[in-house]
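J.: Sharing a model prediction with you, sequence too.
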Amino acid sequence: MKKIILFLFLILSNCSSFDNTSKVVICPKLTSPKGSEEILLMSKNNVETYIGFRGIKSICYKMNNDEIKMRLEVNLRTIRKNTKLDDYLPVTLALVSINDKKIESDRDEISFEFYLRSNRKLIERKTLMEVLIPKKGQALLGLIKNN
């Protein structure tokens, strides 16, 4: 009996968080500034490492105020030559929305250390990101090289 009550509680609590005020729409334009879609970064062990986009999944929702919420699942791939040691690659990834006058409206910027496991040449990681895009706006996605 307790299991049935717990099950019903979980179903009802999940249904109450469903948002009927937004609907799925076609996403606005998403681009990467030239040179930010793939770059070479120095790892913690001072090894030059390639990182770039492997794939991007997007879904967009129309909000009540005519803005569009863009949610991305960004798959990053690293390729390295020296695979003998475990290593870390400091990465900064930015998703920025701009209006029709090219002025920044919203930003989701993530900095993390990409774990590079030994004996692996290719390593991938998925990252979730989200911005609000104004009416007639677009989004820019890129890797930032921190020197």
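T.: In hand now; what should we look at?
J.: What's the first helix or strand after the longest strand anywhere in the chain?
T.: Counting residues, the longest strand found in the chain (DSSP state E) is strand 48-62. The helix or strand immediately downstream of strand 48-62 is strand 68-79, counting by DSSP states H and E.
J.: Remind me what that next one packs against, helices and strands.
T.: Judged by 3 or more C-beta pairs under 8 Å, 6 or more residues apart in numbering; DSSP states H and E, strand 68-79 is in contact with strand 48-62, strand 87-98, strand 104-116, strand 122-133, strand 138-144. In short, each C-beta sits where N, CA and C put it, glycine included.
J.: out of these, nearest to Cys27?
T.: strand 48-62 (4.0 Å; C-beta to C-beta).
J.: Note down every partner strand of the closest one and its orientation.
T.: Take DSSP bridges as the rule and strand 48-62 pairs in its sheet with strand 23-25 (antiparallel), strand 38-42 (antiparallel), strand 68-79 (antiparallel).
J.: Which residue, other than its chain neighbours, is closest to Asp100?
T.: Lys136 (4.2 Å; C-beta to C-beta, 6 or more residues apart in numbering).
J.: what about the one you found, distance to Thr92?
T.: 28 Å (C-beta to C-beta, to the nearest Å).
J.: And these two? Which one has more around it.
T.: Taking other C-beta atoms under 10 Å, Lys136 and Thr92 do not tie; Thr92 has more neighbours (14 against 10).
J.: Quick check: the more buried one touching Leu143?
T.: Yes - here Thr92 reaches Leu143: they are 7.1 Å apart, a contact under C-beta atoms under 8 Å.
J.: and Asn146, what is it in contact with?
T.: Contacts for Asn146 (C-beta atoms under 8 Å, 6 or more residues apart in numbering) come out as Pro90, Thr92.
J.: What is the neighbour count of the nearest residue to Thr92 once chain neighbours are set aside?
T.: In space, Thr92 comes closest to Ile144 once its chain neighbours are excluded; the distance is 4.1 Å by C-beta to C-beta, 6+ apart. Under the neighbour criterion other C-beta under 10 Å, Ile144 is assigned a count of 13.
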